[in-house]
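**Q** turn this into a structure:
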Amino acid sequence: MHILIIPSERYLPDDSPLSGIFQRHQAKALVRHGYQVGIVSPDLFTSRFSEMLKIRVSERNARDFTYLDEEIPVHKKKIWVWERFISNYSRVWIKTGLGIFEKYINCHGIPDVIHAHNAIIAGLLAQSIYQKYNIPYVITEHSSVFALGNLDDQELNDVKTAYSHSKALIAVSPSLCELLEGKFHQLRQTWQWVPNLIDPEFESGLPKTYRKKELVGELKLLAIASLDRNKGIDTLLGALANFVHTSSKVRLTIVGSGPEKENLKQLAKQLNIMEIISFKGYLDRRQVKDEILKCDCLVHPSRYETFGVVLIETLMHGKPVISTACGGPECIVNDRNGILVPIDNADALAGAIQGMAENINRFDPALIQKDCLDRFGSKPVVNALRSIYCVAMGLNPT
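**A** Got it, this is the predicted structure:
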C-alpha cells in the first residue's frame, strides 16, 4: 500500500524543527510496518515587502527540495509570499502543492490513498488532487481552531467541502470528535478517534523492567511546553508557590521557549520560587528524553489541547503525569497513570502535586508503560490506520 502524507504546516523546517513532527512519527511508523510512504509539503513564507527586498533574489525564487528522511521521500517547495497577498495564501499553497504532487508521482508513482493532516490547508489540497486524479483521501484533524472559533465563513465553507469528499474523518481525541460532529452535523459523517502515536524512536531501547518509585529528597517535576498563554505555565507557578508553603522539597524544570518566557520568569521572582525552577529553553528530542528520564512526574497545565503527545511520551517511560482536563488529556490520563485537575485552578494543581509527593509509589512504572504502548504505540495506531485506508480504497480491511 502506497500512502502519501500531506501536512498542513511546514514540514521540519530548519527554523522550526518540531513543525510537522507528528506527521513524521506517523510516516516512520507506517514504513516500519512495511508500507510505502511519501510526504508532499509546500514550504511557504510570508514577509513584508521591505523584508523581501533584503532577501537575495535567488533565495526568493521558488525552489524544489527532494530528499530522503530515513526511507521516506520528502518533496517540498520553498516559496515566498508578499504579506499584502496573504488573502490568497490558500490558493498559492494549493497551486504549489499540486505542482509538487505531480513531480512526486513522476518519481514514485500514484499513491493508493492520501492522508491529509487538518482540513486547512492539507485537506483542501487533497480534495484538489482527488478531483483531478480520483485518489481517495482521509483527513485527520488536530487543530484547535474549531474550539477557539478562529475560522471565518469562507474558511468554514472550504472545510465542509474538504470533509464532504473525504473517505474518512479522523480526530486525535474523543472530545475533538464530539466537537466536530456537532459543528458539522449536516455532513452526516461519523468521526473516528485515532490518536497521535509515540515517536518510534522513543519506543526503541525502553527498559523492560521498572521498580516502583520511592521519593528520595525533592520531588522533581517537569513541564514541556511552548511558553504561550494557552499552556498554563502561569497556573503551574501559582500552584508551586502554594505547594512550597507546606513543603519546600520540590524542583521544577521547564523545557520550551515562547513569547511568555520573560513574563513567566518575572512571575516566578514575584512568587519567590525562582530558586526552585530551571528554565531550560528549547531542547532537541534526545535532550527532552533525558529530561523525562530524570523527572519524577510531568505536569501539563494547558488551557486547551486536542491531544497531548508530551503526556504519552512521558508515560511510555513509566513516569506518572499530572494534567488539566482540557480536551485531549482525558483520553490519556487515568487513575493508574496520573491525576487530572480542572483548568486554571492553582489550588487543585497544588493538591495534585502534594498527592504525587505523598503517594508516588502507588504508580507502577511497568504498568504505566504497558498501558501506554497498548493504546498509543505504533502497532495499535498503524493497525487502526490500515483499516481506515482499506475502507477508503474500497477494500475489505480484514
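
**Q** please make it C-alpha for all contacts and neighbour counts, starting now.
**A** Noted.

**Q** how about N272, what does it touch?
**A** When contacts are counted by CA atoms under 8 Å, 6 or more residues apart in numbering, N272 touches A241.

**Q** kindly report the same for G318.
**A** Neighbouring residues of G318 by CA under 8 Å, 6+ apart: 210, 364-369.

**Q** distance of the closest residue to E330 other than its chain neighbours relative to T314?
**A** Closest residue in space to E330, ignoring its immediate chain neighbours: L340 at 7.7 Å, by CA to CA, 6 or more residues apart in numbering. L340 is 15 Å from T314, where distance means CA to CA, to the nearest Å.

**Q** so for these two, which residue has more residues nearby?
**A** Just comparing L340 and T314: by other CA atoms under 10 Å the higher neighbour count belongs to T314, 26 against 21.

**Q** give me the neighbour count for F146.
**A** Residues near F146, counting by other CA under 10 Å: 15.

**Q** one step back: okay, and the residue nearest to E330 sits in which element?
**A** For L340, the enclosing helix or strand under DSSP states H and E is strand 338-341.

**Q** tell me which other helices or strands the helix ranked longest in the chain touches.
**A** The residue-count maximum for a helix in the chain (DSSP state H) belongs to helix 89-108. When contacts are defined as 3 or more CA pairs under 8 Å, 6 or more residues apart in numbering; DSSP states H and E, helix 89-108 packs onto strand 36-47, strand 72-82, helix 124-133.

**Q** relative to helix 89-108, how tilted is the last one?
**A** Right, the one you point to is helix 124-133. Here helix 124-133 points in a direction 60 degrees away from that of helix 89-108 (axes from the mean of the first three to the mean of the last three CA atoms, to 10 degrees).

**Q** domains for this protein, by residue range?
**A** Domain assignment for the chain by automatic domain parsing gives 2-197+377-392, 202-374.

**Q** in CSV: those, plus distance to T398.
**A** Shown next, in CSV, are those (distance: least, CA to CA, whole Å):
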stretch, distance to T398
domain 2-197+377-392, 8
domain 202-374, 20
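
**Q** now, the contacts of G318 that are in helices?
**A** Short answer: the contacts of G318 in helices (DSSP H) are 365-369.

**Q** secondary structure class for Y67?
**A** Judged by DSSP: H, G, I helix; E, B strand; the rest coil, the three-state class of Y67 is strand.

**Q** so what sits opposite it in the bridge?
**A** Legend: beta-bridge partners of Y67 under DSSP bridges are V74.

**Q** in the stretch 151-300 of the chain, where is pLDDT below threshold?
**A** Within the stretch 151-300 of the chain, the stretches with pLDDT under 70 are 204-216, 246-248.

**Q** strands of that one, residue ranges please.
**A** In the stretch 151-300 of the chain, the strands defined using DSSP state E, counting those that start in this stretch lie at 168-171, 191-193, 219-224, 250-255, 277-281, 297-300.

**Q** just name the most buried of those.
**A** strand 297-300 (a mean of 26; mean count of other CA atoms under 10 Å).

**Q** show residues contacting that one.
**A** By CA under 8 Å, 6+ apart, strand 297-300 touches 220-224, 231, 292, 311, 314, 319-324.

**Q** farthest-separated two in those residues?
**A** Largest separation among the contacts of strand 297-300 by CA to CA: K231 and K319, giving 20.3 Å.

**Q** so if I had to pick from the two, which one is more boxed in?
**A** K319 (28 against 20).

**Q** distance check, that one against V382.
**A** 24 Å.

**Q** return the most buried member of the helices and strands packed on helix 89-108.
**A** For the helices and strands packed on helix 89-108, the highest mean count by mean count of other CA under 10 Å goes to strand 36-47, at a mean of 21.

**Q** now it against helix 89-108, angle please.
**A** Using the same axes, to 10 degrees: strand 36-47 against helix 89-108 is 150 degrees.

**Q** could I get the average pLDDT for strand 36-47?
**A** Summarised as a single mean, pLDDT over strand 36-47 is 86.

**Q** which strands and helices lie in contact with it?
**A** Short answer (3+ CA pairs under 8 Å, 6+ apart): strand 36-47 packs on strand 2-6, helix 21-32, strand 72-82, helix 89-108.

**Q** pick the most deeply packed of the ones you listed.
**A** Of the helices and strands packed on strand 36-47, strand 2-6 is the most buried (mean count of other CA under 10 Å), at a mean of 23.

**Q** phi, psi of E141?
**A** phi -100, psi 120 (degrees, to the nearest 10).

**Q** so S323, which of the three states?
**A** strand.

**Q** residues contacting it?
**A** Contacts of S323 (CA under 8 Å, 6+ apart): 299-302, 329, 333, 338-341.

**Q** buried subset of those?
**A** Those of those that meet the buried threshold are 299-302, 329, 333, 338-341, by 16 or more other CA atoms under 10 Å.

**Q** before we move on, the earlier item: which residues touch the helix or strand following the strand holding L340?
**A** Heading C-terminal from strand 338-341, the first helix or strand you meet, by DSSP H and E, is helix 346-359. With CA under 8 Å, 6+ apart as the test, helix 346-359 has contacts from 215, 219, 235-236, 238-240, 242-243, 322, 339, 341-342.

**Q** let's see 6 Å
**A** Helix 346-359 has contacts (CA atoms under 6 Å, 6 or more residues apart in numbering) with 235, 238-239, 243.
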